[in-house]
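Trainee: give me a 3D structure for the following:
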Amino acid sequence: MGTTSADEILTHVLCAHARLRERSAQLTGDALEAARAAGHIRGLVAELSALVADYDRLEETELVPLLSVADAWGAARVECLRACHARQRGALASVAEELDGSGPPAALIARIEIAIALLVHDLDEEEAAIPESDALASATVVTEQTSG
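Mentor: Coordinates of the predicted model:
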C-alpha cells in the first residue's frame, strides 16, 4: 500500500487527458474516411473505446478518491465525472452498434466525429471542475488498498 499526493494524481490524470486529446486530434474526417475505406474503422473505434475505458479506470481509481475528500462539493464532482464517463461510453457504444449497419459511410464518420467532440468537450469540463490545487494540497490518497 502506498500514498499518492494530489499533485501526482492530477499530473497523471492530466497526462491521460493530453493523450486522449492528441489521439482525438489525429482522428479527423479525412483520417476516419481513410480508415473506413481501408477496412480499419472497426479497429479504430475499438482502440478509441479501449483508450476511454483505460482513462475511466484511471480516474475511478485515482481521481475519484481525491475529489471525494477534497471539499464539500466532492460528491457532486464525482457524480458529474461519472456522468461524463457514462456519456462517453454511450456515444462510443452507439457508434460500435452502427459499424455493421447499412447506413451511409458519411453518417458513420459523422457519428464518430461527434463522439470524439463529446469526449474532448467532457475533458474540458472535467478539468474545469477540478478544485484549485491549494484545495487539494492536504488530500492524500491511499493506493493499492484491497480492503478496509
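Trainee: alpha carbons only for contacts and neighbour counts from here, please
Mentor: Noted.
Trainee: ok, and residue 103, which helix or strand is that part of?
Mentor: Counting by DSSP states H and E, residue 103 is held by no secondary-structure element, helix or strand.
Trainee: what's the neighbour count on it?
Mentor: A count of nearby residues for residue 103, using other CA atoms under 10 Å, gives 10.
Trainee: now swap in residue 32 and tell me
Mentor: Taking other CA under 10 Å as the criterion, the count of residues near residue 32 is 22.
Trainee: nearest residue to it in space, please, no chain neighbours.
Mentor: Spatially, and ignoring its direct neighbours in sequence, residue 32 is nearest to residue 109 (6.4 Å; CA to CA, 6 or more residues apart in numbering).
Trainee: isn't there a helix covering the one you found?
Mentor: Yes. Secondary structure of residue 109 (DSSP: H, G, I helix; E, B strand; the rest coil): part of a helix.
Trainee: surely residue 9 meets residue 60?
Mentor: No. Using CA atoms under 8 Å, residue 9 makes no contact with residue 60, being 11.5 Å away.
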